[in-house]
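Engineer: how would this look folded up:
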Amino acid sequence: MILEIVLVILTLILLLYRYVTKNFDHWKKKGVPHIQGVFPCGSHTEILTQGKHISVLVKEDYEKFKEKDFFGIYMLGKPALVVKNIDMIRNIMVKDFNHFVDRNGESMRQWAQGGDMDQLWAKGMSELCGEHWKDVRSSFSPIFTSGKMKGMLKFIAEVGQSLKKDFHKLAESGQDFELKEEFGKFSLDSLACCAFGLNPKSFEDNSGVFAKYAASVFQVSVLDNIKIMTRFLPGSVFLQQKLNINFFKPKETKYFKDIILKTIQHRRETGVRVNDLIDLMLDCMKPAGNVEKADIDEPEDVHLKHHKKFVELNEDIIVSNCLLFLVAGYDTTGMTLAVMGYFLSKYPLVQTKLQEEIDQAFEENGGLLPEYQVIQELPYLEMCIMESLRMYSPAGALFRTCTKDYTFPETNVSVMKDDLIILPVIGIHSDESYYPNPEEFNPENFSKEAKALRSPYTFLGFGQGPRGCIGMRFALLEAKVAMIEILHSFSFVYSNKNPEVLELDPSSETGYIKGGLFAKIQKRC
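Structural biologist: Presented below is the predicted three-dimensional model:
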């Protein structure tokens, strides 16, 4: 019996070895400069072992091929073309988007093809493909227009008051505090309020299940990576689906799914409406024509030109995208605010300039929080947020899959259907060709004059084109309200608890700083 078990294990290992290594000559055959693959992880074993964060690897590879427009790597057994040339990136993201519609092709989506909880993640917009993605994206786009965001401002502003009260306590105590922990409370409560009409009261109790599970989703262990790798074994997905085996945070997924379904059921039974994300998504399930046309026709809104024809929205799609909105928005916005707070404490002149802009906005509105349009038109505030995202983007790389064979214009470089493309966000953001002294925090990188001198595709903090972040308006509004509320009354003071060199935590999906970022807070006179 023991011999049979050993033989089965050896056979599985050999199958995995064959699956991973069979294409390791792909880039050599094509004459593309590349990093050779090694079993079992491809070009970077550190991704599995968590020796380095993926953003660090992307940046190192970018520098290694500094003079090249593109190069090849292997992710597990999958060849991937890393594209550095900005014109090629523009073609992928916008000009020839119909050749690169999908983020992850079928072979790379196997991580979400196990049991019922794992499959729920596959129904979010980040994983959907082709016409199915277009249907969902075009249905949900009206939710994130400027008109809808104006309605969300009141919810975010209420949470902003809770943040302000907590900062009063921190100022009185004089303690150093971890920035992401504090801003994470704001981000989580804002998202929960705007998505589900709920208030987790994170400022009163940050140890609750809601906050604990939201944070857990973005912490991935070596064991988690190994489990997900088994999905790429031949026959593994079929077996795990039949046995309903879930690997990706099943407890957390079920917890949030139950909350969303209970909220939907309550709204339907009582007719209560609060105009949060769930209400707006339920509106999308109504027959076409019930959407507010005036909101869609706003000239600054860019909508996918697509007519639904393949799928009607159902509860699974709504649950999946509410879940995606919650967990993706929580960690990314909390991290961006933390990074910005850190740099403002380190660069007091920048902080003072920003406070002057915010003070003027309050003064012009009679001492009250500025109106939505005014918030959107505070240039230096947006410059500071964008510079924070440039230096520490939660997405160190973006992924696209070729959906139709394609040859890049004016090159002999061709990619075939299902080939994987990687856009090295953190490498581009750190390239001195686009950003002088890229290791220095400098909001002037995003002045009108500076932006006019470079391609818009040199900043990919929210992606670009039809696959760009659908929640960008909400994320920016959330970050702006938080900083406006805090900087009008307080100043960040640098903490000696900060590490001398900032390193990315390999276990953090979004690439937050190892050990955290700290500051003190001081009341303004």
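
Engineer: Could you report the pLDDT at Tyr17?
Structural biologist: Note for Tyr17: predicted pLDDT of 81.

Engineer: Please read the previous query as pertaining to Glu4.
Structural biologist: Value for Glu4, per-residue pLDDT: 74.

Engineer: Give me the buried stretch members for the helix or strand hosting it, please.
Structural biologist: Per DSSP states H and E, Glu4 falls inside helix 2-21. By neighbour count on 16 or more other C-beta atoms under 10 Å, the buried set for helix 2-21 is Leu16, Tyr19, Val20, Thr21. Using the backbone N, CA and C atoms, a C-beta is placed for each residue, glycine as well.

Engineer: and Val272, how many residues sit next to it?
Structural biologist: For Val272, the neighbour count with other C-beta atoms under 10 Å is 11.

Engineer: Find the nearest non-adjacent residue to it, please.
Structural biologist: Distances taken as C-beta to C-beta, 6 or more residues apart in numbering place His266 nearest to Val272, at 7.0 Å, with adjacent residues excluded.

Engineer: The one you found: how many residues sit nearby?
Structural biologist: With other C-beta under 10 Å as criterion, His266 counts 13.

Engineer: thinking again about what came up before, can you list the buried residues of helix 2-21 in CSV and add distance to Val319?
Structural biologist: Formatted as CSV, the buried residues of helix 2-21 follow (distance: C-beta to C-beta, whole Å):
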residue, distance to Val319
Leu16, 33
Tyr19, 33
Val20, 34
Thr21, 39
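
Engineer: out of the residues you listed, who's nearest Lys59?
Structural biologist: Nearest to Lys59 among those, counting by C-beta to C-beta, is Val20 at 24.7 Å.

Engineer: Tell me who's in contact with that closest one.
Structural biologist: The contact partners of Val20, taken as C-beta atoms under 8 Å, 6 or more residues apart in numbering, are Gly37, Phe39, Pro40, Gly42, Leu76, Gly77, Phe232.

Engineer: any idea how far the residue nearest to it when sequence neighbours are not counted is from His53?
Structural biologist: Distances taken as C-beta to C-beta, 6+ apart place Gly77 nearest to Val20, at 3.9 Å, with adjacent residues excluded. Gly77 is 22 Å from His53, where distance means C-beta to C-beta, to the nearest Å.

Engineer: For whichever strand or helix holds Val136, give the mean pLDDT please.
Structural biologist: In this assignment (DSSP H and E), Val136 forms part of helix 130-140. Per-residue pLDDT over helix 130-140 has a mean of 90.

Engineer: CA atoms of that helix as CSV?
Structural biologist: Presented in CSV, the C-alpha positions along helix 130-140 are these (Å, rounded to 0.1, in the frame of the first residue of the first chain):
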residue,chain,number,x,y,z
GLY,A,130,-14.7,38.3,-23.1
GLU,A,131,-18.4,39.1,-23.7
HIS,A,132,-19.3,38.0,-20.2
TRP,A,133,-16.9,40.7,-18.8
LYS,A,134,-18.3,43.3,-21.2
ASP,A,135,-21.9,42.5,-20.2
VAL,A,136,-21.1,43.0,-16.5
ARG,A,137,-18.8,46.0,-16.9
SER,A,138,-21.3,47.8,-19.1
SER,A,139,-24.1,47.1,-16.6
PHE,A,140,-22.1,48.4,-13.6
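
Engineer: buried residues in it?
Structural biologist: Trp133, Lys134, Asp135, Val136, Arg137, Ser138, Ser139, Phe140.

Engineer: ok so, going back, following element in sequence after the helix holding Glu4, please.
Structural biologist: helix 26-30.

Engineer: Please point out which parts of that next one sit buried.
Structural biologist: Within helix 26-30, the residues that count as buried by 16+ other C-beta under 10 Å are His26, Trp27.

Engineer: That one - contacts with which helices or strands?
Structural biologist: Using 3 or more C-beta pairs under 8 Å, 6 or more residues apart in numbering; DSSP states H and E as the contact test, the elements touching helix 26-30 are strand 70-75.

Engineer: hmm, who's touching the strand it packs on?
Structural biologist: 23-24, 26-27, 30, 32-37, 42-44, 61, 64-65, 79-85, 88, 108, 413, 420, 422.

Engineer: what pairs with the helix or strand that that strand is followed by, and is each one parallel or antiparallel?
Structural biologist: On the C-terminal side of strand 70-75, the nearest following helix or strand under DSSP H and E is strand 78-83. Using DSSP bridges, strand 78-83 pairs in its sheet with strand 70-75 (antiparallel), strand 420-423 (parallel).

Engineer: check which helix or strand covers the residue lying closest to Gly114 once chain neighbours are set aside.
Structural biologist: Nearest residue to Gly114, sequence neighbours excluded (C-beta to C-beta, 6+ apart): Gln240, at 4.1 Å. Per DSSP H and E, Gln240 falls inside helix 236-242.

Engineer: What average pLDDT does the next helix or strand after that helix get?
Structural biologist: Downstream of helix 236-242, the first helix or strand assigned by DSSP H and E is helix 250-270. In this model, helix 250-270 has a mean pLDDT of 90.

Engineer: CA-only coordinates of helix 250-270 in CSV, if you can.
Structural biologist: The C-alpha coordinates for helix 250-270 follow below in CSV (Å, rounded to 0.1, in the frame of the first residue of the first chain):
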residue,chain,number,x,y,z
PRO,A,250,-13.2,30.1,2.3
LYS,A,251,-14.2,31.2,5.8
GLU,A,252,-13.8,34.9,5.0
THR,A,253,-15.6,34.5,1.6
LYS,A,254,-18.6,32.7,3.1
TYR,A,255,-18.8,35.3,5.9
PHE,A,256,-19.0,38.3,3.5
LYS,A,257,-21.3,36.3,1.1
ASP,A,258,-23.8,35.7,3.8
ILE,A,259,-23.8,39.4,4.8
ILE,A,260,-24.4,40.5,1.2
LEU,A,261,-27.2,38.0,0.7
LYS,A,262,-28.9,38.9,3.9
THR,A,263,-28.8,42.6,2.9
ILE,A,264,-30.2,41.8,-0.5
GLN,A,265,-33.0,39.8,1.0
HIS,A,266,-33.8,42.5,3.6
ARG,A,267,-34.0,45.2,0.9
ARG,A,268,-36.3,43.1,-1.2
GLU,A,269,-38.6,42.2,1.7
THR,A,270,-38.9,45.7,3.2
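
Engineer: Which elements pack onto that helix?
Structural biologist: Right, helix 250-270 is packed against helix 116-121, helix 179-196, helix 209-216, helix 277-284, helix 315-346 by 3+ C-beta pairs under 8 Å, 6+ apart.

Engineer: in it, what's buried?
Structural biologist: Counting neighbours by 16+ other C-beta under 10 Å, helix 250-270 gives Pro250, Glu252, Thr253, Tyr255, Phe256, Lys257, Ile259, Ile260, Thr263, Ile264, Arg267 as buried.

Engineer: can you check stretch 479-497 too?
Structural biologist: Neighbour-count burial for stretch 479-497, with 16+ other C-beta under 10 Å as criterion, is recorded at 479-495.

Engineer: residues contacting Phe343?
Structural biologist: Phe343 makes contact with Val350, Cys384, Glu387, Ser388, Met391, Phe441 under the criterion C-beta under 8 Å, 6+ apart.
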